[in-house]
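Asker: Mind folding the following:
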Amino acid sequence: ALAGVTLQQQTYRCAVSVAGLADLSAFTAWMSSPTGEDRRAVTFFQALTGTAGRRDLKEISPADQAERADAPILLIH
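Answerer: Numbering: from 1, shown residues only. All right, here's what the predicted structure looks like:
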């Protein structure tokens with residue numbers, strides 16, 4: 001929902017995000033445990049989001065693209 005409203009302008013009239021993932025860089029850093037990165041979790045996340053091989057997640061991270069949102073967003077946490 002957040003990516004749709006921030007990355008695909010003039011497509012949605014509104015969005016609802018229930019505990020949605022907004023900051024892709026922070027989430028990737030969180031997946032790294034103190035003893036090392038959990039490769040399975042990172043691989044799954046990259047496959048799910050299409051971010052494999054991408055170094056700069058700010059280009060597609062809803063938190064970094066919030067000013068581009070062109071529809072109302074209801075955030076529920």
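Asker: now the helices: where do they sit in this protein?
Answerer: For the chain, the helices defined by DSSP state H occupy 2-7, 24-30, 39-49.
Asker: So which of those helices is nearest residue 64?
Answerer: helix 24-30 (7.9 Å; Cβ to Cβ). To be clear about C-beta, it is placed using only N, CA and C from the backbone, and glycine gets the same treatment.
Asker: can you list contacts of that closest one?
Answerer: Residues from elsewhere that reach helix 24-30 (Cβ atoms under 8 Å, 6 or more residues apart in numbering): 21, 42, 45, 49, 51, 57, 58, 60, 61, 62, 63, 64.
Asker: Please repeat the previous calculation with a cut-off of 6 Å.
Answerer: 21, 57, 61 (Cβ atoms under 6 Å, 6 or more residues apart in numbering).
Asker: List the buried residues in that helix.
Answerer: Neighbour counts over helix 24-30 (16 or more other Cβ atoms under 10 Å) mark 24, 28 as buried.
Asker: Now do that helix: distance to the chain's middle.
Answerer: 9 Å (Cα atoms, centre = their mean, to the nearest Å).
Asker: what about that helix, average pLDDT?
Answerer: Mean per-residue pLDDT for helix 24-30: 82.
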